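Undergrad: Below are the sequence and a predicted model for it; my questions follow.
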Amino acid sequence: MDPHDRAENASPHTSSLDSHSNDRSVEDLGVAVIRGLAMDMPQRAHSGHPGTAMALAPLAHVLFTRILKHDPTDPKWPDRDRFVLSCGHASVLLYSMLYLTGYGLTIDDLKRFRQIGSITPGHPESDLTPGVEVTTGPLGQGIGTSVGMAIAERSLRSKMGDDLVNHYTYVICSDGDLMEGISHEAASLAGHQQLGHLVCIYDDNHITIDGSTDLAYSDNVALRFQSYGWHVMALGEIAEDRDALEAALRVAKEDERPSMLILRSHIGWPAPHKHDTSSAHGEPLGIDEVRDTKEILGLPPDKEMFVPDEVLQFYRRSVGANTRQRIAWESQIAAQSSETQDLWRVLQQGIPDASWRGSLPTFEEGAKMATRVALKACINATLPFLPGLMAGSADLTGNTGVALDDATEVSAQKPSGRQMHFGIREHAMGAAMLGAARHGGVLPVGGTFFVFSDYMKPSVRLAALTQSHVIYSWTHDSIGLGEDGPTHQPVEHLAALRAVPGLILIRPADANECSQAWRIAVEHDGPVGLILSRQALEVLPGTANPLAGTSSDIESGVARGAYVLAGGTGTEPDDIILVASGSEVATCMHARDLLAEQNVAARVVSFPSWELFEDQDASYRSQVLPSSTPKLAVEAASTLGWDRYTDAVFGMTTFGASGPGDEVMAHFGFTPHNIAGKAVELLSGTYS
């Protein structure tokens with residue numbers, strides 16, 4: 001039996017390092033073991049990043065044994081500290097600590113680093129590996145996410161009190177994190193909000209994949225973060241001094257500002273030939289270098305994944321007090337009033353019981369209202385039922401439908417506020433919303449113009465990858481926004497975001513569809529993007545007064561992604577089906593009337609969400625879009641992808657133009673007369 005297997009079973013074991021145990025503390029040995037694991041995992045996988053993990057082994061040791069409030073027996077304890085590895089390429093550091101402190105990982109899991117089906121992938125993934133809080137992915141995302149976590153913690157603390165909510169978010173970041181633009185936005189926001197429970201440690205190792213950071217990087221990080229309003233500590237060369245690291249972290253916890261601790265480390269330390277080199281960053285050290293380094297560390301040079309019993313037992317014991325603290329916390333929750341417990345339950349679940357649906361507004365046929373305006377009405381009508389909701393925007397609060405009536409603005413002075421101002425920081429907004437969702441207790445809703453969703457894309461992708469409950473209000477959804485012109489008119493964005501697995505997009509045709517879209521967004525357990533109009537849209541007859549005999553019941557229709565809005569009720573089959581989303585649905589409804597004058601029977605299908613429609617069974621899909629009937633899709637956006645549903649599509653193949661919105665739509669042919677003509681062409685076989 002391997003030594004580490006015996007250690008996991010807590011059986012008596014005499015380590016091969018007993019001769020060293022008399023000379024070195026178990027903590028010294030523990031740090032050496034972390035470095036050994038950091039070398040062995042990439043070496044075994046023939047892939048990975050050992051250097052940063054080796055350099056930061058003492059820091060990780062201090063964090064997980066002396067600083068973090070965490071309980072491996074309950075990784076989801078709500079009042080735990082959050083640890084974010086923003087430099088996710090150093091994943092072996094986190095996996096080593098999760099294994100050692102008892103999160104359920106095994107030596108076999110470490111051996112399967114970067115292998116298909118393992119819980120130790122190349123970059124940490126939340127909900128895959130116990131103890132991983134967030135999937136950081138691209139550099140810089142972890143910093144942005146941590147800001148959202150700190151905002152959520154402070155919000156909950158202000159509602160529930162310090163006795164029930166009082167924890168910190170700790171982040172390890174790298175040169176690469178700080179070079180990425182998102183870090184500037186996120187750090188600026190954190191400083192403005194004075195997020196005192198956010199502590200970042202910057203691993204200043206002077207190395208990137210290309211070589212020395214001097215090649216492209218000469219920022220004065222201390223002055224930069226001081227200018228943001230952070231508490232900055234230049235720690236210098238203390239990467240090997242565990243007591244000094246602990247003292248610095250405890251000082252940072254006491255400051256009312258977010259803290260940046262700048263730690264000069266040496267990547268790959270103590271590898272004799274590869275420390276302080278770029279090769280130690282991005283590739284395994286090599287068999288000979290691993291052997292030589294293990295000899296320096298006093299580890300058996302020929303043993304892989306070596307973890308002696310005394311080390312494993314030390315780490316498992318080190319978190320015992322946290323388990324007792326968690327149990328005491330649960331007793332505190334149980335002793336609260338029923339009202340407090342109800343509030344806590346709703347905040348943690350994020351979704352109210354079904355009775356909240358009764359507060360959803362409905363809108364009269366013939367009224368004209370932009371769907372962004374309808375969203376505002378929906379949010380404010382349901383706000384009392386959603387105590388965790390926090391709505392904000394990238395400086396477009398009134399423009400994107402996320403303005404809360406009489407709401408307090410979120411600030412250091414008023415942390416319980418619900419109206420968040422992210423400033424002109426779409427990158428940071430996307431990441432912070434993800435962080436708030438991953439933290440729990442907050443339902444983040446954020447808005448910007450749809451064209452600027454490009455700035456949010458990495459965070460949106462991570463929200464979809466992790467199925468995090470984030471709601472996006474993306475408005476000014478097409479060329480119909482008008483005068484701002486092609487720089488602001490989204491053409492390719494629907495197609496691009498429809499390609500993201502796990503992201504639900506809903507583009508409602510009118511205010512009533514928007515109300516149902518809001519319901520779906522609140523109740524869905526993953527990210528939802530609401531694609532909303534700037535221009536006023538008429539409330540359509542089929543949404544205000546569903547037609548008998550069709551699938552146009554508004555509640556189920558939107559939830560199913562597409563439904564028959566008009567037609568489909570006669571004894572004779574429809575001649576053609578017009579399919580559209582958003583503002584173009586009304587255009588198709590009017591085109592239907594024109595076609596009727598030519599004795600052409602047209603069905604109109606409102607198609608707000610591809611993703612929801614794809615979830616329906618084949619019977620329903622064929623009922624809405626029978627294969628025998630010609631189908632024409634109409635959307636003021638890229639035509640890419642519509643061929644899966646329709647025989648032809650009328651859309652955009654160029655960028656838009658500047659002018660009044662209705663004139664721009666007419667200029668590109670989005671009029672009832674032109675759509676009716678295109679339908680006739682399709683029926684006659686002359687469509688072009």
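TA: Received it, and whenever you're ready, just let me know what you need. Numbers count the residues shown, from 1 in each chain.
Undergrad: For Leu299, grab the count of nearby residues.
TA: 24 (other CB atoms under 10 Å). In this view, the C-beta of every residue, glycine as well, is placed from N, C-alpha and C.
Undergrad: excluding its backbone neighbours, what's nearest it?
TA: Of all residues not flanking Leu299 in the chain, Gly36 sits nearest, at 4.9 Å (CB to CB, 6 or more residues apart in numbering).
Undergrad: before we move on, what about Thr120?
TA: Thr120 sits nearest to Phe113 (CB to CB, 6+ apart), 4.6 Å away.
Undergrad: The one you found reaches Leu94, doesn't it?
TA: No. Phe113 lies out of contact with Leu94 (CB atoms under 8 Å); the separation is 11.4 Å.
Undergrad: Where do the domain boundaries of the chain fall?
TA: Under the assignment automatic domain parsing, the domains of the chain span 3-324, 354-531, 552-684.
Undergrad: Tell me which of those sits most buried.
TA: domain 354-531 (a mean of 22; mean count of other CB atoms under 10 Å).
Undergrad: Touching, Cys378 and Leu360? I think so.
TA: Yes. Using CB under 8 Å, Cys378 is in contact with Leu360, at 6.5 Å.
Undergrad: intersection of neighbour lists for those two?
TA: Common neighbours of Cys378 and Leu360, using CB atoms under 8 Å, 6 or more residues apart in numbering, are Ser515, Trp518.
Undergrad: Find me the pLDDT at Thr543, would you?
TA: On pLDDT, Thr543 comes in at 87.
Undergrad: What count of nearby residues applies to it?
TA: 27.
Undergrad: Kindly report the same for Asp353.
TA: 9.
Undergrad: picking that back up, so who does the residue nearest to Thr120 touch?
TA: Met41, Pro42, Arg44, Ala45, Gly48, Val92, Tyr95, Thr120, Gly122.
Undergrad: do the same with Ala32
TA: Ala57, Leu297, Gly298, Leu299.
Undergrad: Please report how far the third one lies from Thr397.
TA: When CB to CB, to the nearest Å is applied, the distance between Gly298 and Thr397 equals 59 Å.
Undergrad: From what I see, Thr129 and His123 are in contact.
TA: No. The pair Thr129 / His123 is not scored as a contact, 10.6 Å apart, by CB under 8 Å.
Undergrad: Surely the residue nearest to Thr120 is within a helix?
TA: No. Applying DSSP: H, G, I helix; E, B strand; the rest coil, one finds Phe113 to be coil, outside a helix.
Undergrad: so how far is Asn205 from it?
TA: Between Phe113 and Asn205 the distance is 22 Å, computed by CB to CB.
Undergrad: cool, Asn674 as well?
TA: Taking CB to CB, one finds Asn674 at 61 Å from Asn205.
Undergrad: quick one, phi psi at the residue most central in space within the chain?
TA: Centroid-nearest residue in the chain, with CA atoms, centre = their mean: Ala463, separated by 2.9 Å. Torsion angles at Ala463 (phi, psi; degrees, to the nearest 10) stand at phi -60, psi -40.
Undergrad: shaky segments in the stretch 451-600 of the chain?
TA: Within the stretch 451-600 of the chain, the segments meeting pLDDT under 70 span 547-552.
Undergrad: Could you do the chain as well?
TA: Along the chain, segments meeting pLDDT under 70 span 1-24, 547-552.
Undergrad: now with 80?
TA: 1-24, 350-352, 544-552, 569-571 (pLDDT under 80).
Undergrad: Now do the same contact list for Val134.
TA: Residues counted as contacts of Val134 (CB under 8 Å, 6+ apart) are Arg82, Val84, Ser126, Gly142, Thr145, Met149, Leu434, Gly435, Arg438, Thr466.
Undergrad: Does it belong to a helix, a strand or coil?
TA: Going by three-state DSSP: Val134 is coil.
Undergrad: Am I right that Phe613 falls within a helix?
TA: Yes. Counting by three-state DSSP, Phe613 is part of a helix.
Undergrad: With Phe607 as the reference, measure out to the closest residue to it other than its chain neighbours.
TA: Nearest residue to Phe613 in three dimensions, chain neighbours excluded: Gly561, at 3.0 Å (CB to CB, 6+ apart). Counting by CB to CB, the gap from Gly561 to Phe607 is 7 Å.
Undergrad: okay, and the common contacts of those two?
TA: Phe613.
Undergrad: Show me where the stretch 501-650 of the chain has its strands.
TA: 504-506, 528-531, 537-538, 563-566, 576-580, 602-606, 631-638, 648-652 (DSSP state E, counting those that start in this stretch).
Undergrad: which ones are touching Thr293?
TA: Counting by CB under 8 Å, 6+ apart, Thr293 touches Arg35, Met39, Pro270, Ala271, Pro272, Leu285.
Undergrad: Surely the first one touches Met54?
TA: Spelled out, that is Arg35. Yes. If you go by CB under 8 Å, Arg35 and Met54 touch, sitting 4.8 Å apart.
Undergrad: Overlap in contacts, those two.
TA: Common neighbours of Arg35 and Met54 (CB under 8 Å, 6+ apart) are Pro270.
Undergrad: ok, what's across the strand from the nearest residue to Gly236 once chain neighbours are set aside?
TA: Nearest residue to Gly236, sequence neighbours excluded (CB to CB, 6+ apart): Arg264, at 5.6 Å. When bridges are called by DSSP bridges, Arg264 pairs up with Asp204.
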